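Visitor: quick one, structure for this:
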Amino acid sequence: GKNAAAPFVPSSNSVSLTHAPPANERQEAVRDAMKWAWDGYVKYAWGKDELHPKSKKGADWFGLGLTLIDALDTLYIMDLTDE
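Guide: Model prediction:
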């Protein structure tokens, strides 16, 4: 129809996501912090929208696993694909 969205066609201006190992200590520390936070979420709140770190309990706002959804691209970019 007239209001249908055009299909996405990659162009030479498209951004592609790539990942590389950390290049310095700061990058390594940030990656380690993400891994630590992700492991806590998996252990204590898997599938919940958020983790309450003091109580080590998961909680829901919408019941969609919002932390999981929000973290996926960061995990990929940081080459934490096994997580």
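
Visitor: and for the helix or strand containing I69, what are the contacting residues?
Guide: Assigned by DSSP states H and E, I69 belongs to helix 66-77. Helix 66-77 has contacts (Cβ atoms under 8 Å, 6 or more residues apart in numbering) with 17, 19, 34, 38, 41, 45-51, 81, 83. Any C-beta I mention is one placed from the backbone N, CA and C, and that applies to glycine too.

Visitor: then stretch 38-55?
Guide: 56-68, 71, 75, 80, 83.

Visitor: tell me the buried residues within the residues you listed.
Guide: 58, 65, 67-68, 71, 75 (16 or more other Cβ atoms under 10 Å).

Visitor: quick one, helices of this structure?
Guide: 25-45, 66-77 (DSSP state H).

Visitor: mean pLDDT added to these, as CSV?
Guide: Below are the helices of the chain laid out as CSV (pLDDT from 0 to 100):
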stretch, mean pLDDT
helix 25-45, 96
helix 66-77, 92
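
Visitor: any idea how far the residue most central in space within the chain lies from M34?
Guide: Geometric centre of the chain, nearest residue: A71, 1.7 Å, by Cα atoms, centre = their mean. A71 sits 8 Å away from M34, going by Cβ to Cβ, to the nearest Å.

Visitor: repeat for A45
Guide: To M34, A45 is 16 Å away according to Cβ to Cβ.

Visitor: compare those two (neighbour count), which wins?
Guide: Using other Cβ atoms under 10 Å as the criterion, A45 and M34 rank with A45 on top: 21 against 17.

Visitor: how near is that one to G58?
Guide: Applying Cβ to Cβ to A45 and G58 gives a distance of 3 Å.

Visitor: if we can go back for a sec, taking helix 25-45 as reference, get the angle to the helix holding I69.
Guide: 150 degrees (axes from the mean of the first three to the mean of the last three Cα atoms, to 10 degrees).

Visitor: from now on call the first residue 414
Guide: That works, and once the first residue is 414, the last one we named lands at helix 479-490.

Visitor: just the CA atoms of helix 479-490, as CSV, please.
Guide: C-alpha atoms of helix 479-490 as CSV (Å, rounded to 0.1, in the frame of the first residue of the first chain):
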residue,chain,number,x,y,z
LEU,A,479,14.2,-6.0,29.6
THR,A,480,17.8,-6.5,30.9
LEU,A,481,18.3,-9.4,28.5
ILE,A,482,17.0,-7.4,25.6
ASP,A,483,19.0,-4.3,26.5
ALA,A,484,22.3,-6.2,27.0
LEU,A,485,22.4,-8.3,23.8
ASP,A,486,24.0,-5.7,21.5
THR,A,487,26.6,-4.8,24.2
LEU,A,488,27.5,-8.4,24.7
TYR,A,489,27.9,-8.8,20.9
ILE,A,490,30.0,-5.7,20.5
